[in-house]
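Here is a sequence with its predicted model. Questions after.
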Amino acid sequence: MISLFINWPFDQSNFMGGQSYNQSLIKEIGLNRRAEAIKAIFIGGSADYWTNRLILDTSGTLRKTFIFDNNVEFTVEITGNQIDESQLECWQSIGVNRLSIKATRFKGNMQIKKVLTQLNALLERVHNRITNINIDLNIGSFGFKKSDWVFFIQKICAMPITHVSLYADQVVDEEQFILQYNQAGSILREYGFEQYEFSHFAKPGFTSKYLEWCWDLKPIVGFGTQAVSYDGTTRFFNEQTIESYIESINKNGTALESTEQLTSIQLHFEKVMVGLRRSEGITWRRMLEDLNQDQQITCKKIISDLIKQQLIKENEGALSLTSHGLLLENQVLTKLIY
């Protein structure tokens, strides 16, 4: 069983090669024919701009290429700027059962009200067709008032949604980020959202199958420019630009740009970092199981130091990142290289 990621990185109306990209994307999918069942599909980027023809053609090619069943989680990522009723009907007709809405980055009270108005209008349009809805939020913006942030999160939680993701593309003020993150987590839990990873909160029964599949380091097949596939030991990187992607598909019958064979040490650290971000954490057994005796001794000392620095916390034998540890995630990983 595998999961799929499909990247739609641009507004095709602003790119003259948009139609060529459509054709190349469908061709790439068709060239990867395999009799494997699908766990989840995630279409990332700006799916708002997909035409109904592209939606139907892509779905048809996917169903000829892979094995579908009624339990597939099928997510599309949207901004909500262009989506209309015919698109929603088309998405629903091909089995899309989850939406992920990218709320724009905002600063100041007037911007908050604008974002809330836009989100409410969008949810009114989509909720009659698709009820499993995630909202992506950027936090940690400089100068954001405490009362504004609390008000915003409370309004988000009262919306008809099932999932919230908290991200920080750029942290200007670390103290502000930690404060807003902790405030958001507290409010989300008050409204019935359960945290299952550092950045992700879901109503009971609505955790993302796609995200959990990725965190379990299971096989992913990626399509489109900049997409990455993974088979458990190797990563496969697609062409990075739209032009090179289209050219490679047409000339070579593949979008593959490069591969990376992961070493046993790399696989270990990926497992550790994914585990540290999840709410249940990573147990000492899983932390140490790939290490020799000397490495285990070193690891225990490093973890002890990270706990003292309040970058990692321990709860009932499981280790996870603190809010401060998330900000310094790369430094934590560097310390864990032994």
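That came in fine, so what should we check first?

rest of the way, CA atoms for contacts and neighbours
OK.

and the residue most central in space within the chain, what helix or strand is that in?
For the chain, residue 211 is the residue whose C-alpha lies nearest the centre (Cα atoms, centre = their mean; 6.1 Å). For residue 211, the host element (DSSP states H and E) is helix 209-215.

looking at this, residue 77 is in a helix?
No. According to DSSP: H, G, I helix; E, B strand; the rest coil, the state of residue 77 is strand, so it is not within a helix.

List the residues that contact residue 32.
residue 65 (Cα atoms under 8 Å, 6 or more residues apart in numbering).

Could you tell me the backbone phi and psi angles at residue 67?
Note on residue 67: backbone dihedrals following degrees, to the nearest 10 are phi -100, psi 120.

How much space separates it from residue 43?
Residue 67 sits 17 Å away from residue 43, going by Cα to Cα, to the nearest Å.

okay, those two: which has more neighbours?
Ranked by neighbour count (other Cα atoms under 10 Å), residue 67 and residue 43 place residue 43 first, with 21 against 15.

domain assignment for the protein?
2-214, 264-335 (automatic domain parsing).

measure the longest one end to end?
In this case it means domain 2-214. Chord length of domain 2-214, first to last residue, is 10 Å (Cα to Cα).

Convert the C-alpha atoms of the helix or strand hosting residue 166 to PDB, please.
Assigned by DSSP H and E, residue 166 belongs to strand 163-167. The C-alpha trace of strand 163-167 is given here as PDB (Å, rounded to 0.1, in the frame of the first residue of the first chain):
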ATOM      1  CA  HIS A 163      -8.600  19.900  11.800                       C
ATOM      2  CA  VAL A 164      -6.100  22.800  12.400                       C
ATOM      3  CA  SER A 165      -2.500  22.900  11.500                       C
ATOM      4  CA  LEU A 166      -0.200  25.500  13.100                       C
ATOM      5  CA  TYR A 167       2.900  26.500  11.100                       C
END
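
what's the average pLDDT for that strand?
Here strand 163-167 scores 93 as its mean pLDDT.

All set now, cheers.
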